[in-house]
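Peer 1: 3D, please:
(2 chains)
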Amino acid sequence: MTRFPPPMSLLAELTHRCPLACPYCSNPLSLDRRQSELETQDWVRILEEAAALGVLQVHFSGGEPMARADLPALVHHASSLNLYTNLITSGVLITQATLAALDEAGLDHIQLSFQDVTETGAERIGGLRGAQERKLAAARLIRARGLPLTLNFVIHRENADRVAQMLDLAHELGAGRVEIAHTQYYGWGLKNRDLLMPSAAQLDAATDAVVKARARFGNSLAIDYVTPDYHADQPKPCMGGWGQRFLNVTPSGKVLPCHAAETIPDVTFPNVMEHALGEIWQDSALFNLFRGTAWMPEPCQSCALKEIDWGGCRCQALALTGDARATDPVCARSDRHEVVVAAAEAGHDGDFAYRRFTGTGRNETG
Amino acid sequence: MSIAEDSIPGFTRGHRLQQDRVRDVWLIQAPEKAFIADPVAAAILRLVDGKRSLGTIIDLLAETYQAPRDRIAADVKTLVASLAEQKILSP
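Peer 2: Coordinates of the predicted model:
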């Protein structure tokens, strides 16, 4: 019998291979190589187990999921299981032919990332020449086929001044939705934090651009605005609560409650090659580590908001205090809140540490 | 928004009604989210197939639930208008 409510969403990170090298990538610092990736038949089984468990939506992600030749087959299989299929892509591998294959496989929706509205800005972040032109072409191909499109922009100090133009671009390209998401500081983003951190004035201007665009575009463009944690004094309900709504399967088959969870020390990361997905969701030590509220220290334990924010983000607490059980220091009630305040003021320009496979000096793409 | 009874509502691409057998609810699947359709909304939306007119849907519901057509029509039009506004249905 089910003891914990089943997950709503599966993030299927098919590969860590990616033609881009964004310095805020949500993948871990230690990337899975091609030879450690799951096989097609493993993903087929994961999709079947996810659907049976109660997952409603599968988000095919990476890395760049289109680097996997079996993506259309996996979309088709997920679709046949009545899972809502979403592709989270950089778009640089989209052509008439690759898009047609996904569309015919039953793909429901595409989230296409843009790094900036200017070619210079975009290529400085993504590290790939010609990427902006390919992304614009991809957006037009997607809309020409009538596929629903969400644009995603990650916001940081080098592009925060162009949020109004990003929203205009989303509207012009016919996207139904756009995400304006301030950088989250885990993994690569944490490594580059000071170089990505916007000033308080930039944040205010970005928020203002979103408010104005909502008035300008109304229902013709849905805008999801993800505000930055570090300038806040109340933590977000990370992943809607640990082990409550979401599971993530990495390219090598680890099952995680969030994409940064591999930083958590002293716990085994369950793998789909050894356990069924449902068993991992219900019974693994990892998924039960911070589930619910019993694990919470004070001041969280007696806080009226504990079932609103579920204690914020464990990976952030770990990264900033050295203790994954500590109160998320974003919270003003944390005795370590000053580390967040100081970091929010520490932004400066400089040279990024780009997302790379260690030891190669370049990104694997093939 | 007032919608004519000869209009043919359908789900827009990227949206669909789906029965969730695990949770025993009807859901509207949408880009990167899902909403629960309450039993009244689900009864209406199960008849939305992109072929039936609004008038036919109202007739079918009035017959099934043995309820006054005017009341059913008001409920159906309110729901369809609201979902059309959110671009979940095309009227």
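
Peer 1: can you list the residues of chain A near chain B?
Peer 2: Applying the criterion C-beta under 8 Å from any C-beta of the partner chain, the portion of chain A that neighbours chain B consists of A:6, A:8, A:53-54, A:56-57, A:59, A:82, A:84, A:86, A:108-109, A:111, A:146-148, A:150, A:176-177, A:219. Quick note: C-beta positions are derived from backbone N, CA and C, even for glycine.

Peer 1: distance of the nearest residue to residue B:68 once chain neighbours are set aside relative to chain A?
Peer 2: Counting by C-beta to C-beta, 6 or more residues apart in numbering or on different chains, residue B:68 lies nearest to residue B:62, which is 7.3 Å off, once chain neighbours are set aside. For residue B:62, the distance to chain A under the criterion C-beta to the nearest C-beta, to the nearest Å works out to 30 Å.

Peer 1: of the residues of chain A next to chain B, keep whichever come out buried.
Peer 2: For those, a neighbour count by 16 or more other C-beta atoms under 10 Å in any protein chain shown gives the buried set as A:6, A:8, A:53-54, A:56-57, A:59, A:84, A:86, A:108-109, A:111, A:147-148, A:150, A:176-177.

Peer 1: from the chain's centre, how far out does stretch A:300-319 sit?
Peer 2: Centroid separation for stretch A:300-319 versus its chain: 20 Å, with C-alpha atoms, centre = their mean, to the nearest Å.

Peer 1: and for stretch B:28-41?
Peer 2: So, by C-alpha atoms, centre = their mean, the centroid of stretch B:28-41 is 11 Å from its chain's centroid.

Peer 1: got the buried residues for it?
Peer 2: For stretch B:28-41, the buried set under the neighbour-count rule, 16+ other C-beta under 10 Å, comprises B:28, B:29, B:30, B:31, B:32, B:34, B:37, B:41.

Peer 1: can you list which of the residues you listed are found in strands?
Peer 2: With strands defined by DSSP state E, the entries of these inside them are B:28, B:29, B:30, B:34, B:37.

Peer 1: count of neighbours near residue A:35?
Peer 2: Taking other C-beta atoms under 10 Å in any protein chain shown as the neighbour definition, residue A:35 ends up with a count of 6.

Peer 1: from chain B, how far out is it?
Peer 2: Residue A:35 sits at a distance of 32 Å from chain B (criterion: C-beta to the nearest C-beta).

Peer 1: helix, strand or coil for that residue?
Peer 2: helix (DSSP: H, G, I helix; E, B strand; the rest coil).

Peer 1: tell me who's in contact with residue A:207.
Peer 2: A:225, A:227 (C-beta atoms under 8 Å, 6 or more residues apart in numbering or on different chains).

Peer 1: could you do the one 3 residues further on as well?
Peer 2: Contacts of residue A:210 were listed using C-beta under 8 Å, 6+ apart, and they are A:163, A:167, A:180, A:223, A:225.

Peer 1: can you do 10 Å?
Peer 2: Under the criterion of C-beta atoms under 10 Å, 6 or more residues apart in numbering or on different chains, the contact list for residue A:210 reads A:155, A:163, A:164, A:166, A:167, A:178, A:180, A:223, A:224, A:225, A:227.

Peer 1: among the residues you listed, which are located in strands?
Peer 2: For the contacts of residue A:210, the ones inside strands are A:155, A:178, A:180, A:223, A:224, A:225, with DSSP E as the criterion.

Peer 1: from chain B, how far off is residue A:129?
Peer 2: From residue A:129 to chain B the distance is 30 Å (C-beta to the nearest C-beta).

Peer 1: how about the nearest residue to that residue, chain neighbours excluded?
Peer 2: Residue nearest to residue A:129 in three dimensions, not counting chain neighbours: residue A:123, with 6.0 Å by C-beta to C-beta, 6+ apart.

Peer 1: I'd say that neighbour and residue A:114 touch.
Peer 2: No: counting by C-beta atoms under 10 Å, residue A:123 sits too far from residue A:114 to count as a contact (11.7 Å).

Peer 1: which of these two has more neighbours?
Peer 2: The neighbour comparison of residue A:123 against residue A:114 (other C-beta under 10 Å) goes to residue A:114, with 26 against 18.

Peer 1: assumed residue B:62 was part of a helix.
Peer 2: Yes: under the criterion used here (three-state DSSP), residue B:62 sits inside a helix.

Peer 1: count the residues that sit near it.
Peer 2: The burial metric for residue B:62, expressed as a neighbour count using other C-beta under 10 Å, is 17.

Peer 1: list the buried residues for stretch A:177-197?
Peer 2: If you call a residue buried by 16+ other C-beta under 10 Å, then stretch A:177-197 has these buried ones: A:177-193, A:195-197.

Peer 1: again, but for stretch A:118-129
Peer 2: By neighbour count, and taking 16+ other C-beta under 10 Å as the criterion, the buried residues in stretch A:118-129 are A:121, A:122, A:123, A:125, A:126, A:127, A:128.

Peer 1: helix or strand: which one has the third one?
Peer 2: Pointing back at residue A:123 there. Residue A:123 is part of helix A:119-126, with elements assigned from DSSP states H and E.
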